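Student: need a structure here:
(2 chains)
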Amino acid sequence: AQSVTQLGSHVSVSEGALVLLRCNYSSSVPPYLFWYVQYPNQGLQLLLKYTSAATLVKGINGFEAEFKKSETSFHLTKPSAHMSDAAEYFCAVSEAGANSKLTFGKGITLSVRP
Amino acid sequence: KAGVTQTPRYLIKTRGQQVTLSCSPISGHRSVSWYQQTPGQGLQFLFEYFSETQRNKGNFPGRFSGRQFSNSRSEMNVSTLELGDSALYLCASSLGQVAGELFFGEGSRLTVL
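Tutor: I've put the predicted structure just below:
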C-alpha cells in the first residue's frame, strides 16, 4: 500500500522568504509523485510531477521539488514566497499505470505574511 | 478550453435520501475520477471511469456508485445518505494516459442533515 506523510498542517512564512513544504512517501513500487495546490473554494491544480525522469522537477509559479529515494522524500520549495502563494498544498503518490488513483497527504496550509 | 464543470455546486439533503452529482470533463478527456474531501479524512479516491468502464475503485461502501456516458460525462450517486457523507466531492478529468495529470473541477459541496 502507498501512503504520503505531510508533517505539520500549517506553515507561515514572510513574503520573499523561502518556502519549504515537506512530503515523505511510502511505496512498494517505484512511485509517481505529485504536488497539487488548492485555493479557497476551488478545485486542485497540478503544480508539478515526478515520473522517474529527472529527480529535480520544476513546476508552475516558480515551485520545484526534488525526489530523494534514499530519504523517501519529495519536498516542495520556492525561493521567494509571494502573497498569492497562500493556499493549501497536497502531496500525492500513485503507482505507474493507476493513472487517476492518487493517494493524497493531509495537506499543508501555507500562509504568507506581508 | 472549458474546464471541468460540476453540478450542482452546493446541495443539502437529509439522512436516508439519495443524491446524484454530475461532472462534465474537459473536451477530449476520456477519464473521469471522483474524490471525496473532508476535514477529517482529507482527499480520498472514490472511483475512475475510462471510456464508460470503471477502471479503478477506492474503499467506499456500495452506496457510492458512478457511471460514465458515451460523451465522457460522468455521474456519481450516493444512496441512503449518512451524516458522514457530508463532504466536498471533486471530479477530475484527464486524457487517461499520463499518470496523475488530473484537472479538477470546483466540486460539489454536499451537506447531509
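
Student: now B:I12: how far from chain A?
Tutor: 17 Å (CB to the nearest CB, to the nearest Å). From N, CA and C alone the C-beta is placed, and that goes for glycine too.

Student: Wait, that residue touches B:S108, no?
Tutor: No: with contact defined as CB atoms under 8 Å, B:I12 does not count as touching B:S108 (11.6 Å).

Student: Which of those two has more residues huddled nearby?
Tutor: More neighbours surround B:S108 than the other of B:I12 and B:S108, with 23 against 12 (other CB atoms under 10 Å in any protein chain shown).

Student: what sits against that one?
Tutor: By CB atoms under 8 Å, 6 or more residues apart in numbering or on different chains, the contact set of B:S108 is B:6-11, B:21, B:88-89, B:91.

Student: any idea how far B:G42 is from it?
Tutor: 17 Å (CB to CB, to the nearest Å).

Student: quick one: low-confidence ranges for chain A?
Tutor: Within chain A, the segments meeting pLDDT under 70 span A:96-98.

Student: Return the set of residues that bridge with the most centrally placed residue in chain A.
Tutor: The centroid of chain A falls nearest to A:W35 when counting by CA atoms, centre = their mean (3.3 Å). Following DSSP bridges, A:W35 is listed with bridge partners A:L48, A:C91.

Student: you'd agree it is up against A:V93?
Tutor: No: the criterion here is CB under 8 Å, and A:W35 misses it with A:V93 at 10.9 Å.

Student: Contact partners for residue 79?
Tutor: No chain specified, so I'll use chain A. A:P79 touches A:18, A:62, counting by CB under 8 Å, 6+ apart.

Student: um, chain B though
Tutor: For B:S79, counting by CB under 8 Å, 6+ apart, the contacting residues are B:18, B:63, B:65.

Student: burial of residue 47, as a residue count?
Tutor: Defaulting to chain A. 23.

Student: think we crossed wires, I meant chain B
Tutor: By other CB under 10 Å, neighbour count at B:F47 equals 23.

Student: just to revisit the earlier point, looking at the contacts of B:S79, which is nearest A:E64?
Tutor: B:S65 (39.8 Å; CB to CB).

Student: quick one on the thing from earlier: among the contacts of B:S79, which one has the most neighbours?
Tutor: B:S65 (16 neighbours).

Student: In what element of secondary structure is the nearest residue to that residue once chain neighbours are set aside found?
Tutor: Spatially, and ignoring its direct neighbours in sequence, B:S65 is nearest to B:N77 (5.0 Å; CB to CB, 6 or more residues apart in numbering or on different chains). In this assignment (DSSP states H and E), B:N77 forms part of strand B:74-78.

Student: Fine, thanks again, bye for now.
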